[in-house]
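**Q** Quick one: sequence plus predicted model below, questions after.
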Amino acid sequence: QVDYDVCSNYGNWLYSAGIGNDPRDNRKFNMIKQGLDYDGNGDYVRLWVPELQGIKGADIHSPWALGSAALSQAGVTLGETYPWPVVTAPEWSRHIHQRPGGSPHPRGRRAPAQHKDRGIDFYFSRKKDA
């Protein structure tokens, strides 16, 4: 299956990427927040990035922010076994070292409800007739 459909998906990808017509100024895709929202424990990253398998939990989304002891224990050497980030966006800082589903907002506003343990079939399944 290809995740590209000119008719229905192109606009969503542009919107998510922060380009094209958008009513909000300065939209940026926050990779750290998305990682915490949709892969809170880092299982998906661990599956596809074996260099980071030794990093526990959500810290896998920002390995450059870990201390040298944690990196050493995980077998990661930034710049050697895993690259330093090319860019670190200022918006990421409020999400680094946050627990999945935690509120990074200083006044404690809650993040939108998360749909834990719902596989892709949940979103595409048909409603059962009552």
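**A** Great, that's in hand.
**Q** Look up how far A58 lies from G79.
**A** Distance from G79 to A58, counting by Cβ to Cβ, to the nearest Å: 22 Å. C-beta coordinates here come from the backbone N, C-alpha and C atoms, glycine included.
**Q** higher neighbour count, these two?
**A** A58 (23 against 8; other Cβ atoms under 10 Å).
**Q** Can you verify that one is assigned to a strand?
**A** No: secondary structure assignment places A58 outside any strand; it is helix (DSSP: H, G, I helix; E, B strand; the rest coil).
**Q** Wait, it touches V45, no?
**A** No: using Cβ atoms under 8 Å, A58 makes no contact with V45, being 9.7 Å away.
**Q** Identify the contacts common to these two.
**A** Common neighbours of A58 and V45, using Cβ atoms under 8 Å, 6 or more residues apart in numbering, are G35.
**Q** can you map out the helices along this protein?
**A** 10-17, 31-38, 43-48, 68-74, 120-124 (DSSP state H).
**Q** and those, which is most packed in?
**A** helix 31-38 (a mean of 17; mean count of other Cβ atoms under 10 Å).
**Q** Would you mind writing the CA trace of that helix as PDB?
**A** Output of helix 31-38 as PDB, limited to C-alpha atoms (Å, rounded to 0.1, in the frame of the first residue of the first chain):
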ATOM      1  CA  MET A  31       8.900  15.500  15.800                       C
ATOM      2  CA  ILE A  32       9.500  15.200  19.600                       C
ATOM      3  CA  LYS A  33       5.900  15.900  20.500                       C
ATOM      4  CA  GLN A  34       4.600  13.500  17.700                       C
ATOM      5  CA  GLY A  35       7.000  10.800  18.900                       C
ATOM      6  CA  LEU A  36       5.700  11.100  22.500                       C
ATOM      7  CA  ASP A  37       2.100  11.200  21.300                       C
ATOM      8  CA  TYR A  38       2.200   8.300  19.000                       C
END
